[in-house]
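Q: When you get a sec, could you give me coordinates for this:
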Amino acid sequence: MIDWLQHSTGGLLTLAAVSIAVLLVMIIRFKTEPFIALIIVGLLTALAAGLPVGTIVGTAQKTSDSLLEKGFGGILGHIAAIIGLGTLLGAILEKSGGARVLTGALLRAFGEKRAPLAMGLAGLIFGVPVFFDIGIFVLAPLVYVAARQGGRSLLLYCLPLLAGLSMTHAFIPPHPGPVAAAGLLHVDLGWIILMGAVCGLPAWFLAGVVFPSWIGKRMNIEVPAEMIVDEDGEEGPGPSLGLVSAIIAVPLVLILAGTFGSIWLPKNSAAAGVAAFVGTPAVALTIAVLLASWLLGTRRGMTGKELSALSAAALRPVAMLLLVVGAGAFFGAVLSATGIGKAVADSLQAGGLPVIAAAYVISCGLRLAQGSATVAIVTTGGIIAPSLADAGYSQAQLALIVVAIAAGSIIASHVNDGGFWIVSRYFGLTVGETLKTWTVLETILSVSGFAMSAILMAIV
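A: Residues are numbered from 1 along each chain as shown. Just a heads-up that it's a prediction; the model follows:
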């Protein structure tokens, strides 16, 4: 029995299924912190597969070569600085009033009739540097005001915004999901930005423009009086629109320049070296954070002490996220070392299911079962990675697989997802109304994003 479990394809697949089932039970039934559950399941899976203890955790004299340390360290070394710097950039933009300036300019430019489209674009643009929930906290008051002034259903204004924030959070670096998947599958972030945008923008249009215009005419949700907040929290005029837009664009442009400069510029040339340096994601984001700290912070009256306090407050929630990603990478390393990942890949190949479709289905299943997009992404990445190692996929194709995994991780947000309750609370929706609107929006975004990635996969 033990030999069958550890060495046969059927046994390894059974071990994989049991491992994921135990993981889901711990998270859903016993409310275990995901990063603790991932570590426990990873250790138990490695022991059940017969891996030597020294391989799993190392020895008292040396642990650096262990799966535990390499699993954590390999991914965190790649993403920790990126996620941390991206978080700081978003915090400075938020504190400076950049979101209000950006959204106000879009509302004026598009006019009252097209205010829903303006809110959607605000979500797309401001969603690049800030987390999904922060984007809601900052921009929700503007949605309330626009909906009251327009006299139409709140859904016409909040759903486009939510679609923009969700699309960028799922598909565009420096958000944790795509960054973590890129690290697990060894993809340059420039390709992730490009493919994430190419697949995500059409998906956003369907979920954030077409769907709200349809559902908004059928469900009239008014803005409750208690949701209108005073605007006396703003201190002085905000920064200029051009400055806010430029600072948001800086890291994306630099990363893209670094990725494609290595292709288009002469190798070993000075220009290629400069592009590679400034296009390194951590360097690009450091430049953007320094610019934001000076132009939106110091020059606007913020002291060094205030910037330090802002940074500390912004980075505090990132710790748990990084632990989840690290533990997920360890679990993925165990799946690879035990041969489980190869067994899954061989079974998928034998069944004729393309890797990109398998990645999407696995990610969807994990998302539906336990609610966390991050857990779905890192676990799927660990399962899929072994099948990609020697398959000869290009960077563009790997980026599309990352998009598929990210798309699966946001499908059908429901009551086990924190984002579901944030949307319900901030926009005064009942559980039923949230299921009919937000859950459907996320499903459209997921399915259409995956469809775009699958179509492009057949072309590139």
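
Q: helices or strands next to the strand or helix carrying Gly273 in the packing?
A: In this assignment (DSSP states H and E), Gly273 forms part of helix 270-278. Applying 3 or more C-beta pairs under 8 Å, 6 or more residues apart in numbering; DSSP states H and E, we find helix 270-278 packed against helix 241-264, helix 281-292. Every residue, glycine included, has its C-beta placed from N, CA and C.

Q: would you put the C-alpha positions of it in PDB?
A: Listed next in PDB are the C-alpha coordinates belonging to helix 270-278 (Å, rounded to 0.1, in the frame of the first residue of the first chain):
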ATOM      1  CA  ALA A 270      24.900  50.300 -22.700                       C
ATOM      2  CA  ALA A 271      21.300  51.000 -23.500                       C
ATOM      3  CA  ALA A 272      20.400  47.300 -22.900                       C
ATOM      4  CA  GLY A 273      22.200  47.500 -19.500                       C
ATOM      5  CA  VAL A 274      20.400  50.600 -18.500                       C
ATOM      6  CA  ALA A 275      17.000  49.200 -19.600                       C
ATOM      7  CA  ALA A 276      17.700  45.900 -17.700                       C
ATOM      8  CA  PHE A 277      18.700  47.800 -14.500                       C
ATOM      9  CA  VAL A 278      15.800  50.300 -14.300                       C
END
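
Q: neighbouring contacts of that helix?
A: Contacts to helix 270-278, defined as C-beta atoms under 8 Å, 6 or more residues apart in numbering, come from residues Leu254, Ala257, Gly258, Gly261, Ser262, Leu265, Pro266, Val283, Ala284, Ile287.

Q: of the residues you listed, closest to Gly73?
A: Proximity of the contacts of helix 270-278 to Gly73 was ranked by C-beta to C-beta; the top entry is Val283 with 20.6 Å.

Q: Let me know the distance separating that closest one from Leu185.
A: Taking C-beta to C-beta, to the nearest Å as the measure, Val283 falls 22 Å from Leu185.

Q: So for these two, which residue has more residues nearby?
A: Between Val283 and Leu185, counted using other C-beta atoms under 10 Å, the more crowded position is Leu185 (21 against 18).

Q: What score does the more buried one have for pLDDT?
A: At Leu185, the model reports a pLDDT of 93.

Q: Not counting sequence-adjacent ones, nearest residue to it?
A: Computed as C-beta to C-beta, 6 or more residues apart in numbering, the closest residue to Leu185 that is not its neighbour in sequence is Leu398, at 5.3 Å.

Q: for the one you found, what are its contacts?
A: For Leu398, the contact set (C-beta under 8 Å, 6+ apart) comprises Leu185, His186, Val187, Trp191, Leu388.

Q: Filter those down to the buried ones, PyMOL style.
A: Selection command for PyMOL covering only the buried members of the contacts of Leu398, criterion 16 or more other C-beta atoms under 10 Å:
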select buried, resi 185+187+191+388
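
Q: Can you tell me which of the contacts of Leu398 is nearest Ile27?
A: Using C-beta to C-beta, the contacts of Leu398 come closest to Ile27 at Leu185, 23.5 Å.

Q: So that closest one is in contact with Gly381, correct?
A: Yes: counting by C-beta atoms under 8 Å, Leu185 touches Gly381, with 6.1 Å between them.

Q: Show me which residues of stretch 14-30 are buried.
A: Leu15, Ala16, Ser19, Ile20, Leu23, Leu24, Met26, Ile27.

Q: how long is stretch 431-441 end to end?
A: Stretch 431-441 stretches 15 Å from its first residue to its last (C-alpha to C-alpha, to the nearest Å).

Q: how about low-confidence regions in this protein?
A: Counting by pLDDT under 70, the chain shows low-confidence ranges at 224-236, 341, 345, 348-349.

Q: Centre-most residue in it?
A: Nearest to the mean C-alpha position of the chain, by C-alpha atoms, centre = their mean, lies Gly177 at 3.2 Å.

Q: on that earlier part again, farthest pair within the contacts of helix 270-278?
A: Top of the distance list for these (C-beta to C-beta): Pro266 and Ile287, 24.0 Å.

Q: and these two? which has more neighbours close in?
A: More crowded of Pro266 and Ile287, by other C-beta under 10 Å: Ile287, with 15 against 8.

Q: Now do the contacts for that one.
A: By C-beta under 8 Å, 6+ apart, Ile287 lies in contact with Val250, Pro251, Leu254, Val278.

Q: buried sites along the helix or strand hosting Ile134?
A: Per DSSP H and E: Ile134 is located in helix 132-150. Applying a neighbour-count criterion of 16+ other C-beta under 10 Å, one finds 132-136, 138-148 buried in helix 132-150.

Q: Could you point out the helix or strand that follows that helix?
A: Next along from helix 132-150, by DSSP H and E: helix 155-171.

Q: how much does that following helix deviate in direction from helix 132-150?
A: 160 degrees (axes from the mean of the first three to the mean of the last three C-alpha atoms, to 10 degrees).

Q: just checking, next helix/strand downstream of helix 155-171?
A: As assigned by DSSP H and E, the chain's next helix or strand after helix 155-171 is helix 176-185.

Q: Now do the top helix by length along the chain: which elements does it pack against?
A: In the chain, assigned by DSSP state H, the helix with the most residues is helix 67-95. Under the contact criterion of 3+ C-beta pairs under 8 Å, 6+ apart, helix 67-95 touches helix 34-48, helix 53-57, helix 132-150, helix 176-185, helix 241-264, helix 281-292, helix 304-315, helix 318-338.
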